[in-house]
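Trainee: With the input below, show me the fold.
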Amino acid sequence: MGIISWIILGLLAGAIAKFLLPGRDPGGFIGTTLIGIAGAFIGGWISARWLDHPITKEFYDGTTWAAAIGGSLVLLIAYRLLFGNSRD
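Mentor: Residues are numbered from 1 along each chain as shown. The predicted model follows:
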């Protein structure tokens, strides 16, 4: 997959992560979108590096989607823990 595919995957993974983890985010929609993109890249890298699942060239690979959504969830949770109380 190319860089544009990973960005699109990150946008969708961020939306899915936001759906799975509802609530207020300190960064709003743009922050959640950027977290989704970063989560897709990090999830794909972890999947390829340590989980022995190389990044495929197919956009519809279930494992790649799971890694992207998982990476987005982890980053969203970490972001909420670090910066969640700044907008009370």
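Trainee: how much space between Tyr60 and Gly14?
Mentor: 18 Å (Cβ to Cβ, to the nearest Å). Every residue, glycine included, has its C-beta placed from N, CA and C.
Trainee: Ile7 touches Ile37, doesn't it?
Mentor: Yes: contact criterion Cβ atoms under 8 Å: Ile7 and Ile37 qualify, at 5.7 Å.
Trainee: So for these two, which sits in the more crowded spot?
Mentor: Neighbour count, other Cβ atoms under 10 Å: between Ile7 and Ile37, Ile37 has more, with 21 against 15.
Trainee: Would you map the helices across this structure?
Mentor: For the chain, the helices defined by DSSP state H occupy 3-20, 28-49, 62-83.
Trainee: tilt between the last one and helix 28-49?
Mentor: Helix 62-83 runs at 130 degrees relative to helix 28-49, counting by axes from the mean of the first three to the mean of the last three Cα atoms, to 10 degrees.
Trainee: Check which helices and strands helix 62-83 is in contact with.
Mentor: Under the contact criterion of 3 or more Cβ pairs under 8 Å, 6 or more residues apart in numbering; DSSP states H and E, helix 62-83 touches helix 3-20, helix 28-49.
Trainee: I'd like these as JSON lines, with mean pLDDT and distance to Ile69 appended.
Mentor: Formatted as JSON lines, these follow (pLDDT from 0 to 100; distance: least, Cβ to Cβ, whole Å):
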{"stretch": "helix 3-20", "mean pLDDT": "82", "distance to Ile69": "5"}
{"stretch": "helix 28-49", "mean pLDDT": "81", "distance to Ile69": "7"}
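Trainee: Now render these as JSON lines, adding distance to Arg80.
Mentor: Output for the helices and strands packed on helix 62-83, formatted as JSON lines (distance: least, Cβ to Cβ, whole Å):
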{"stretch": "helix 3-20", "distance to Arg80": "11"}
{"stretch": "helix 28-49", "distance to Arg80": "10"}
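Trainee: most centrally placed residue in this protein?
Mentor: Ser72 (2.4 Å; Cα atoms, centre = their mean).
Trainee: ok, it touching Ala40?
Mentor: Yes: counting by Cβ under 8 Å, Ala40 is a contact partner of Ser72 at 6.5 Å.
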